[in-house]
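Novice: Fold the following.
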Amino acid sequence: MTAAAAAPAAPRAASIILLLRDGPTGLEVFMVVRHHEIEFASGALVFPGGGLESADAELARDGALVSDGLDETARAVRIAAIREAFEECGVLLARPRGDARFVSAERVSALDRSTSFAALMAREHLAPATDALGPFARWITPAFLPKRFDTHFFLALAPPDHALAHDGRETVDSIWIAPREALERNGARFKLLFPTERNLWKLARHADAASALEAAKSAPVIAVVPERTQVDGGPGLRIPLEAGYGGEAFSVPELR
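Specialist: The predicted structure follows:
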């Protein structure tokens with residue numbers, strides 16, 4: 001089989017979390033800047049997230065740890081989002097087992113982060129708060145790209161007492177920002193990938209965190225697999241209109 005006829009790469013499962021709060025002028029989302037030497041999305045302003053790990057799936061199979069009514073696959077991608085948020089920006093969406101409250105910021109600051117997330121959950125008798133995450137979107141990398149992800153996007157309200165900051169390794173800067181402001185600065189101060197830009201647009205329709213979370217509960221998640229197209233004579237991507245992103249064909253100049 002020639003390279004031109006090779007089958008598309010299989011997408012790897014991944015999770016992204018949009019951490020929300022209400023700022024002085026309304027809805028804000030926490031975003032980080034990827035390190036410029038990272039292979040994927042280098043230098044881009046993104047939401048925290050990353051690939052599903054085998055340990056996430058192992059945690060998801062532990063029915064005694066998390067009782068959320070989800071199947072193991074749905075639970076695993078939520079655990080991955082919670083782990084990535086903890087590793088990348090220090091927020092921990094977890095509860096002491098048997099407690100309805102999130103783990104306190106004071107306790108989070110004292111945790112030993114040199115161990116694995118799974119080991120940390122076991123040693124500290126914590127359970128990932130998978131029920132605190134609401135499905136928001138699902139994007140699958142186009143088949144024409146060599147590195148592909150099947151990415152689940154979740155919304156979650158950030159615990160008000162947890163201090164969020166970039167990790168200084170994979171991410172080199174961080175910001176709480178109104179979705180509309182991030183969109184307005186795209187290409188000037190910020191570099192936004194197409195899925196990030198469209199999900200910011202989707203989020204910007206809401207005035208506050210409660211509105212965004214409530215809308216996500218009732219909106220079906222339509223899987224988006226972008227396809228190449230032409231828009232006004234230039235490169236673009238086509239996505240399903242029913243996915244709710246304000247159109248189906250968008251100019252994407254970086255595809256040149």
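
Novice: okay but Ser116 is in contact with Ser54, surely?
Specialist: No. With contact taken as C-beta atoms under 8 Å, Ser116 and Ser54 are classed as non-touching, separated by 10.9 Å. To be clear about C-beta, it is placed using only N, CA and C from the backbone, and glycine gets the same treatment.

Novice: Tell me which of these two has more neighbours.
Specialist: When neighbours are counted by other C-beta atoms under 10 Å, Ser116 comes out ahead of the other of Ser116 and Ser54, with 12 against 9.

Novice: give me phi/psi at that one?
Specialist: Ser116 adopts backbone torsions of phi -70, psi 160, taken as degrees, to the nearest 10.

Novice: Leaving out chain neighbours, which residue sits closest to it?
Specialist: With C-beta to C-beta, 6 or more residues apart in numbering as the criterion, Ser116 has its nearest non-adjacent residue at 6.3 Å, and that residue is Ala55.

Novice: pLDDT wise, what is that neighbour at?
Specialist: The predicted structure scores Ala55 at 96 on the pLDDT scale.

Novice: Give me the buried positions along the host helix or strand of it.
Specialist: Taking DSSP states H and E as the definition, Ala55 sits inside helix 54-60. For helix 54-60, the neighbour count (16 or more other C-beta atoms under 10 Å) marks Ala55, Asp56, Ala57, Leu59, Ala60 as buried.

Novice: what helices or strands is that helix leaning on?
Specialist: helix 72-89, helix 117-123 (3 or more C-beta pairs under 8 Å, 6 or more residues apart in numbering; DSSP states H and E).

Novice: what's the lowest-mean-pLDDT helix or strand in the chain packed up against?
Specialist: Across the helices and strands of the chain, mean confidence by mean pLDDT, DSSP states H and E is lowest for strand 171-177: a mean of 80. Applying 3+ C-beta pairs under 8 Å, 6+ apart, one finds that strand 171-177 contacts strand 26-34, helix 72-89.

Novice: ranking those by mean pLDDT, which is last?
Specialist: Comparing these by mean pLDDT, the weakest confidence falls on strand 26-34, with a mean of 91.

Novice: Quick one: the helices in this protein, in order.
Specialist: Counting by DSSP state H, the segments of the chain that form helices are 54-60, 72-89, 105-109, 117-123, 179-184, 194-203, 209-218.

Novice: looking at those helices, which is buried most?
Specialist: Of all the helices of the chain, helix 72-89 carries the top mean neighbour count, a mean of 24, counting by mean count of other C-beta atoms under 10 Å.

Novice: Next, the angle strand 171-177 makes with that one.
Specialist: Comparing the axes of helix 72-89 and strand 171-177 via axes from the mean of the first three to the mean of the last three C-alpha atoms, to 10 degrees yields an angle of 100 degrees.

Novice: Tell me the gap between helix 72-89 and the middle of its chain.
Specialist: Average the C-alpha atoms of helix 72-89, do the same for its chain, and the two points are 9 Å apart (C-alpha atoms, centre = their mean, to the nearest Å).

Novice: what's the answer for stretch 211-218, then?
Specialist: When C-alpha coordinates are averaged (C-alpha atoms, centre = their mean), stretch 211-218 and its chain have centres 16 Å apart.

Novice: Other residues contacting that stretch?
Specialist: Contacts to stretch 211-218, defined as C-beta atoms under 8 Å, 6 or more residues apart in numbering, come from residues Leu20, Leu27, Gly134, Pro135, Phe136, Leu155, Leu157, Leu203, His206.
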